[in-house]
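**Student:** Any chance you could fold what I've pasted below:
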Amino acid sequence: MTVAFFSGSRRRAALALGAVSAGLLVLTACDKPTPIATITVGSESVNSEAACYNDGKPIKESEIQKCLNKKAEKSITVSMEDKVRFGVDPEIADNGWTIFLGGQQAEQEPNKKTYRSIPASAFFASQTGEATDSTQVTIVENTGKTLTGIWHFELKKES
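**Tutor:** Predicted coordinates:
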């Protein structure tokens with residue numbers, strides 16, 4: 001005859017505690033996801049985690065240009081009549097964010113809102129005034145002095 005060391009309810013409680021402990025251990029091994037930036041045109045949306053992010057701390061000066069020059073992995077098609085809607089996580093808005101076009105800053109002051117709209121036509125003239133078929137739009141989280149996150153998107157002009 002065998003004797004149970006624990007009653008049924010104690011075994012279940014011990015098993016549940018073990019499962020919770022194992023789950024927490026697995027979660028501590030995961031990287032914290034970066035905040036998300038989203039671009040919406042009409043009913044289509046595309047979102048992305050940061051191309052460069054240092055957990056809210058300043059990106060190293062030596063890394064900034066390399067990060068700004070990365071190619072966008074996410075794209076969305078727009079017509080010239082569309083409005084391009086930008087949305088950022090609240091933690092990005094708390095620090096402030098600006099838009100860069102082709103790696104160059106397009107705005108002087110950081111925006112502190114989580115949402116804004118800009119006409120698509122504003123994105124399709126090159127520095128020389130020539131029309132382009134696509135443009136890289138970069139959302140840059142900054143505190144005014146330092147860059148803390150960079151998100152890239154490509155806007156493709158509808159043909």
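
**Student:** make it CA atoms for all contacts and neighbour counts henceforth
**Tutor:** Noted.

**Student:** Next secondary structure after the helix-or-strand element of the chain with minimal mean pLDDT?
**Tutor:** Ranking every helix and strand in the chain by mean pLDDT, DSSP states H and E puts helix 8-28 at the bottom, with a mean of 53. Counting by DSSP states H and E, the next helix or strand C-terminal to helix 8-28 is strand 36-41.

**Student:** Report the mean confidence score over the helix or strand just after that following strand.
**Tutor:** Once the chain leaves strand 36-41, the next helix or strand it forms, by DSSP H and E, is strand 44-49. Averaging pLDDT along strand 44-49 gives 95.

**Student:** which strands and helices sit next to the helix or strand following strand 44-49?
**Tutor:** Heading C-terminal from strand 44-49, the first helix or strand you meet, by DSSP H and E, is strand 52-53. Using 3 or more C-alpha pairs under 8 Å, 6 or more residues apart in numbering; DSSP states H and E, the elements in contact with strand 52-53 are strand 147-157.

**Student:** The strand it packs on versus strand 44-49: what angle between them?
**Tutor:** Relative orientation of strand 147-157 versus strand 44-49 (axes from the mean of the first three to the mean of the last three C-alpha atoms, to 10 degrees): 150 degrees.

**Student:** Send me strand 147-157 as CSV with only the CA atoms.
**Tutor:** These are the backbone C-alpha positions of strand 147-157, laid out as CSV (Å, rounded to 0.1, in the frame of the first residue of the first chain):
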residue,chain,number,x,y,z
LEU,A,147,17.2,60.7,-30.1
THR,A,148,15.7,57.7,-28.2
GLY,A,149,13.9,55.8,-30.9
ILE,A,150,13.7,55.5,-34.7
TRP,A,151,10.9,53.9,-36.8
HIS,A,152,11.0,53.6,-40.6
PHE,A,153,8.2,53.4,-43.2
GLU,A,154,8.0,53.7,-47.0
LEU,A,155,5.2,55.6,-48.6
LYS,A,156,4.6,54.4,-52.2
LYS,A,157,2.7,56.6,-54.6
